[in-house]
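S.K.: Mind folding the following:
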Amino acid sequence: MNRPCGLLRAVLLGAALALTSPPVLADASLGGRTLSYQDDAGRTVWSRSYPTDLGVLSGPLTQGGLSWLAVGPALYAYAPSGEQRVRLDFPAEVSALDGGGGTLQVTAGLGSVRQTFTVNDMRIQNRVVLPPDAGVTGWLARAAAVPQVGLAEAAAQDPANPFLEVRLARLAQAQGDRFGAVSAAQRAVTAAVPFPAAVALASQLETAGYPAAADLALGRAARDWAARGYDPALVVSQEALRAYGDPLAELSVLLSQNKLRRADAWIRYLRLTSPRFEGYPETYARYARILDAQDRGGEADEWRQFSRDLSAGTLYNLGPGSLLILQGAARVLTLALLLAILAALLGYAAHYWAVQTADLAPLGGRWGGWLRHPLSRARRITLAYAGFGEKLVLASLLLGLLLSLSAWVWTGRVNARLLSPVLSAGTYGGAWFYDGLDRLALSGSPADIALIRGLASQLDGDTSVARQTYARAGNAPGACILNNLGVLSAAGGDSAQAKSSYRQALAQDPGQMPASYNLGLHPQSPETGFQESLRAGQPRLCYPDQQTLIQALDTPPGASALGLLRDPWTALNSLPSGLPRPLQWLWVGLLLLLSAASLLWLIVPRLPGGREAGRSLPYRVTALLLPGAALLEGAWGSVLLLGWALTLAVLAGHLRLISAGALLGSAGPGLTALLVITLGAIYALNVLVFVLEELRSARSGRRTGQD
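M.R.: Below is the predicted model of the structure:
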């Protein structure tokens, strides 16, 4: 009787404990760098481990019956069974997950730049702009670097990583399993990955010997490039290309191996997605030369013409290196003016040395006079003996030197800003872009700045901000903004207003391709071909060309020159001469002192001794060695002097004694012969003028003696 009662009490007690104790619920937990999932009974069902080199782990967070864990820039969702349901790729390392309010919010960022994304239905709802950071874009390939003994298991656990399948294909190939290798390669190209990973995947498939699979991967990369808002109208730097799978390196390898058929697939991928990549003229020219060697001259000419067409919209249509060309011209002109100034000063010194020495003897000599009678010595500097014409020539040369230095400073500054990563990543928009744009501190045309910022907002899908930004261009926006306003109207369903905007844009700029494309006029350009093949049915946005970017980045060259005249010390010390700071200060100080003296002495009367100076032997030697230096009172002297100095400066640039490669780099050896002939002609003309001056001086001397 006691036993049944005791058993009944035990059962009742167990039921009470079960009702009052909290149940053990299935959940995922993180221990170190291992994610584990436990069932309702507390048993571990599955686990995943993540190496430290994959980045910071955030989570796990349970939502919608899935366990979410961020690993570096990737976000994984796991089912209770351990199946990987999705991998989402973010533009930077994920730093936080938040499931409050039933919506998954993911925060990712680089350094101080942070951006929050919304994840719904296992999709990122915001636009994801991938910055040219190899640490982010190459993360998926690094995640596949698992030991070979665990390769098959890793591929089963992470089926969305195609780089694991490529490794399996190579392993099967090495083992003689052709069917297994082909199957693994086919599985690799079915995975959805961002375009940088797709390009890197294509490169690995190319190397492994699967060209058809590589072509499929390149096609997926091009479609993802277009879907993310990247565009062929924008420049892509080589650094960005390296972060985006480095298609240029693969192309170079194939060309060096003379695999033209495969090289054609890669160069056409570049031509479709990013034809304006940094260094494209050299790459297209190299490809054209190879085609010429294959007796395919028609194709070679087509590539050369394509390369020339891309120069439209650059500064003076000089091509992508237009600023470097202008900078080279500024360097050559600066050297020429420096040579002319030094020659003029040597000519003055040789001409007036004797009379100046005689005038300075009572003051303590040429150097002692500065200590004993500094004001009187300053009145008797060499320039004080020169005639008005000679002083005017020197002042003009110095003013020209200041302007050429201003052009050198401006081109260097603007070119450095133009190569900023935010402007050479293939697209605009995203937190990383806006942060970089703020640090650039655009100081140019407000209308062009409005175009850049408005376009970025439009690409990000923020139409209200885009309209407000475009409005900053004023009541008469440019053709590019008008076209983009038309695209906004079309997206809002107002097709009539959209067509009106396109027509206004085309009326303002008849050569504008986007407006012409949107009106159905079928213009032919790399951008419209890209739009038709990868964004069919979508209106074409207008992107800023190089001239627009330059106008947005900085003040015009004229304003820069005025800034130099207002504050020459600061402007000249910012010149990238490469000299130590004390030497920079020294030459800038001497230049400004000489400029001030030449301008001041224009209004100071000439000393009487200057008119009495004869034609001494040093003066005659100087006149023969430095063309025009002894004839600066007349027009012939200036012409000879500048011609001589400019010829020497161009020769120095051609021989790479100074940096002028962008200006003279493509010049052949015939330029050297032409410059030598020109120099010889200048010296011959100088001798002729010198002889005539000697005869005139002799006649004048005889006439004076007779009087």
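
S.K.: any idea how far R380 lies from L371?
M.R.: 14 Å (CB to CB, to the nearest Å). Backbone N, C-alpha and C define where each C-beta goes, glycine included.

S.K.: quick one, which of those two is more surrounded?
M.R.: Using other CB atoms under 10 Å as the criterion, R380 and L371 rank with R380 on top: 20 against 11.

S.K.: per-residue confidence at that one?
M.R.: For R380, the model assigns a pLDDT of 84.

S.K.: Surely it and D359 touch.
M.R.: Yes - assessed by CB atoms under 8 Å, R380 is found in contact with D359 at 5.5 Å.

S.K.: shared neighbours of these two, which are they?
M.R.: Common contacts of R380 and D359 (CB atoms under 8 Å, 6 or more residues apart in numbering): L607.

S.K.: Would you map the strands across this protein?
M.R.: 27-31, 34-38, 44-49, 57-63, 66-71, 74-78, 84-89, 94-98, 104-110, 113-120, 123-124 (DSSP state E).

S.K.: gap between stretch 673-691 and the chain center?
M.R.: Here stretch 673-691 is found 43 Å from its chain centre; the criterion is CA atoms, centre = their mean, to the nearest Å.

S.K.: List the residues that contact A77.
M.R.: 66-68, 84-88, 122.

S.K.: Same list (the residues you listed) but as a markdown table, adding distance to E527.
M.R.: A markdown table is the format used below for the contacts of A77 (distance: CB to CB, whole Å):
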| residue | distance to E527 |
| --- | --- |
| L66 | 41 |
| S67 | 44 |
| W68 | 39 |
| Q84 | 38 |
| R85 | 38 |
| V86 | 33 |
| R87 | 32 |
| L88 | 30 |
| M122 | 33 |
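
S.K.: Closest one of these to V113?
M.R.: Distance ranking of these against V113, using CB to CB, places L88 first at 19.0 Å.

S.K.: If you tally nearby residues, what's the number for the residue lying closest to W353 once chain neighbours are set aside?
M.R.: Take W353 and drop its neighbours on the chain: the residue closest to it by CB to CB, 6 or more residues apart in numbering is P618, 6.8 Å away. Counted with other CB under 10 Å, residues neighbouring P618 total 14.

S.K.: Now do P618 against T357, distance only.
M.R.: Distance from P618 to T357, by CB to CB: 12 Å.

S.K.: for this protein, which spans come out with low pLDDT?
M.R.: 1-26, 558-561, 563, 575-578, 661, 665-668, 700-707 (pLDDT under 70).

S.K.: Show me which helix runs longest in this protein.
M.R.: Counting residues, the longest helix found in the chain (DSSP state H) is helix 322-360.

S.K.: So which elements touch it?
M.R.: helix 365-372, helix 388-418, helix 608-612, helix 617-625, helix 635-654, helix 661-664 (3 or more CB pairs under 8 Å, 6 or more residues apart in numbering; DSSP states H and E).

S.K.: helices and strands around the third one, which ones?
M.R.: For helix 608-612, the contact count by 3+ CB pairs under 8 Å, 6+ apart identifies helix 322-360 as packing neighbours.

S.K.: same check, this time on the fourth one
M.R.: With contacts defined as 3+ CB pairs under 8 Å, 6+ apart, the packing partners of helix 617-625 are helix 322-360, helix 670-706.

S.K.: so how far is the first one from its chain's centroid?
M.R.: Average the C-alpha atoms of helix 322-360, do the same for its chain, and the two points are 36 Å apart (CA atoms, centre = their mean).

S.K.: List the buried residues in that helix.
M.R.: For helix 322-360, burial by neighbour count (16 or more other CB atoms under 10 Å) applies to 322-341, 343-356, 359-360.

S.K.: and the angle for the longest helix of the chain with helix 388-418?
M.R.: Counting by axes from the mean of the first three to the mean of the last three CA atoms, to 10 degrees, helix 322-360 lies at 150 degrees to helix 388-418.

S.K.: Just put the helices and strands packed on helix 322-360 in CSV and tack on distance to P580.
M.R.: Rendered in CSV, the data for these read as follows (distance: least, CB to CB, whole Å):
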stretch, distance to P580
helix 365-372, 27
helix 388-418, 18
helix 608-612, 39
helix 617-625, 32
helix 635-654, 23
helix 661-664, 25
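
S.K.: Which among the ones you listed is found nearest to V149?
M.R.: The nearest among the helices and strands packed on helix 322-360, by CB to CB, is helix 388-418 at 49.8 Å.

S.K.: Now do the same contact list for the residue nearest to L323 when sequence neighbours are not counted.
M.R.: In this structure, L323 finds its nearest non-sequential neighbour in N415, 4.1 Å apart by CB to CB, 6+ apart. Counting by CB under 8 Å, 6+ apart, N415 touches 323-324, 327.

S.K.: Against A425, how distant is E239?
M.R.: Distance from E239 to A425, by CB to CB: 9 Å.

S.K.: An error on my part: the question was meant for F163.
M.R.: 23 Å.

S.K.: Of the two, which one has the most company?
M.R.: A425 (26 against 22).

S.K.: correct me, but that one touches A240?
M.R.: Yes - with contact defined as CB under 8 Å, A425 counts as touching A240 (5.0 Å).

S.K.: Quick check: neighbours shared by these two?
M.R.: P132.

S.K.: quick one on the thing from earlier: take the strands of the chain and write them to a markdown table, including distance to L403.
M.R.: Conversion of the strands of the chain to a markdown table gives the following (distance: least, CB to CB, whole Å):
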| stretch | distance to L403 |
| --- | --- |
| strand 27-31 | 65 |
| strand 34-38 | 66 |
| strand 44-49 | 66 |
| strand 57-63 | 57 |
| strand 66-71 | 56 |
| strand 74-78 | 54 |
| strand 84-89 | 51 |
| strand 94-98 | 51 |
| strand 104-110 | 41 |
| strand 113-120 | 40 |
| strand 123-124 | 52 |
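
S.K.: So which of these is nearest E206?
M.R.: Among those, the nearest to E206 by CB to CB is strand 84-89 (22.6 Å).

S.K.: any idea of the angle the closest one forms with strand 104-110?
M.R.: Using the same axes, to 10 degrees: strand 84-89 against strand 104-110 is 40 degrees.

S.K.: Check which helices and strands strand 84-89 sits against.
M.R.: strand 74-78.

S.K.: centre of the chain versus the strand it packs on, how much separation?
M.R.: Distance of strand 74-78 from the chain centroid (CA atoms, centre = their mean) equals 34 Å.

S.K.: Stretch 45-60 too?
M.R.: On CA atoms, centre = their mean, the centre of stretch 45-60 falls 37 Å from the chain's centre.

S.K.: residues making contact with it?
M.R.: By CB under 8 Å, 6+ apart, stretch 45-60 touches 26, 28-30, 33-39, 67-73, 78, 80-82, 93-97, 139, 142-143, 157.

S.K.: hmm, which of these are the buried ones?
M.R.: Buried among those (16+ other CB under 10 Å): 28, 35-38, 67-73, 78, 80, 93-94, 97, 139, 143, 157.

S.K.: who's in contact with stretch 130-139?
M.R.: Contacts for stretch 130-139 (CB under 8 Å, 6+ apart): 54-55, 72-74, 89, 91-93, 110, 194-197, 200, 228, 237, 239-240, 242-245, 421, 425, 430, 432-433.

S.K.: From S445, how far off is the nearest residue to G529 once chain neighbours are set aside?
M.R.: Nearest non-adjacent residue to G529, counting by CB to CB, 6+ apart: L272, 7.4 Å away. As judged by CB to CB, L272 and S445 stand 31 Å apart.

S.K.: Put the alpha carbons of stretch 404-415 into CSV.
M.R.: Below are the C-alpha coordinates for stretch 404-415, written out as CSV (Å, rounded to 0.1, in the frame of the first residue of the first chain):
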residue,chain,number,x,y,z
SER,A,404,53.3,78.4,-66.0
LEU,A,405,54.1,77.5,-62.4
SER,A,406,50.4,78.2,-61.6
ALA,A,407,49.4,75.8,-64.4
TRP,A,408,51.8,73.2,-63.1
VAL,A,409,50.3,73.4,-59.6
TRP,A,410,46.7,73.4,-60.8
THR,A,411,47.1,70.4,-63.1
GLY,A,412,49.0,68.4,-60.4
ARG,A,413,46.4,69.2,-57.8
VAL,A,414,43.4,68.4,-60.0
ASN,A,415,44.9,65.2,-61.4
